[in-house]
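> Sequence below, structure please.
(chains A and B)
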Amino acid sequence: AQSVTQPDIHITVSEGASLELRCNYSYGATPYLFWYVQSPGQGLQLLLKYFSGDTLVQGIKGFEAEFKRSQSSFNLRKPSVHWSDAAEYFCALSNFGNEKLTFGTGTRLTIIP
Amino acid sequence: GAVVSQHPSWVICKSGTSVKIECRSLDFQATTMFWYRQFPKQSLMLMATSNEGSKATYEQGVEKDKFLINHASLTLSTLTVTSAHPEDSSFYICSAPLAGGPTGELFFGEGSRLTVL
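You can find the predicted model right below:
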């Protein structure tokens, strides 16, 4: 069965510092991978996605993620966080031809001045 | 981009009553919509897949008679929580794929918070 693991439940980062959120997956083939962001009480917004090709993908709001097949990882990064980046971040995967998403448990990001 | 809207955004009801939540795709047609449930500080759990013109497909462990799903048109899916109880209190989120768009790219509604007293 496919699964997504986000090892960090909560991360606190200073404004302006760099950020890396971890995501590991378990799937028999190459999955489609996504990162979503959820502000409190809101739905989810897609930050970026990986389907194939270049393993470093760029997303919105200055985020990027790198697919590493050997490590079954798809970590999210941002060089310099802003206070507005405080939110819940979800990594997710789907298999080919199926829009069902399997979500990780999420990482809550807190930004301190 | 494609927009998915849910209504109501929050609802409080008494135990034993039924509550209907609507999910609309505003600027595109959606033959399929997905309903998720999210408990506080937890991830999203897929409840069911709503299919226009046919019965919904429920995930294992989800009570079909408890969570009634109707995909009335290409732009509307409804989730009815029947005989609601406090344990049904949760954040319910719908999503829809854009037909012809990349597989797996979903657009999410704003969510509906249900509180059962």
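> okay, CA-based contacts and neighbour counts for the rest of this
Fine.
> for residue B:3, what are its contacts?
Taking CA atoms under 8 Å, 6 or more residues apart in numbering or on different chains as the criterion, residue B:3 is in contact with B:25-28, B:107-109.
> gap between the nearest residue to residue A:21 once chain neighbours are set aside and residue A:67?
Distance criterion CA to CA, 6 or more residues apart in numbering or on different chains; nearest residue to residue A:21, sequence neighbours excluded, is residue A:76 at 5.0 Å. According to CA to CA, to the nearest Å, residue A:76 stands 9 Å off from residue A:67.
> Please, which helix or strand holds the residue most central in space within chain B?
Taking CA atoms, centre = their mean, the centroid of chain B lies closest to residue B:35, which sits 3.6 Å from it. Using DSSP states H and E, residue B:35 maps to strand B:32-38.
> Equivalent analysis for residue A:13, please.
Assigned by DSSP H and E, residue A:13 belongs to strand A:10-14.
> Any residue of stretch B:110-117 touching chain A?
Yes. Residues of stretch B:110-117 contacting chain A under CA under 8 Å from any CA of the partner chain: B:110-111.
> Equivalent analysis for stretch B:12-28, please.
No. Using CA under 8 Å from any CA, stretch B:12-28 stays clear of chain A, coming no nearer than 12.2 Å.
> So for that stretch, mean pLDDT?
Mean pLDDT, stretch B:12-28: 95.
> Buried residues, it. List them.
For stretch B:12-28, burial by neighbour count (16 or more other CA atoms under 10 Å in any protein chain shown) applies to B:13, B:15, B:18-19, B:21-25, B:28.
> What of stretch A:23-30?
Here stretch A:23-30 shows A:23-25 as buried, counting by 16+ other CA under 10 Å.
> Extract the C-alpha set from it and format it as CSV.
The C-alpha trace of stretch A:23-30 is given here as CSV (Å, rounded to 0.1, in the frame of the first residue of the first chain):
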residue,chain,number,x,y,z
CYS,A,23,8.6,14.0,3.0
ASN,A,24,9.2,10.3,2.4
TYR,A,25,6.9,8.0,0.4
SER,A,26,6.3,4.4,-0.1
TYR,A,27,5.1,3.3,-3.5
GLY,A,28,5.9,0.5,-5.9
ALA,A,29,6.5,2.7,-8.9
THR,A,30,7.3,6.4,-9.6
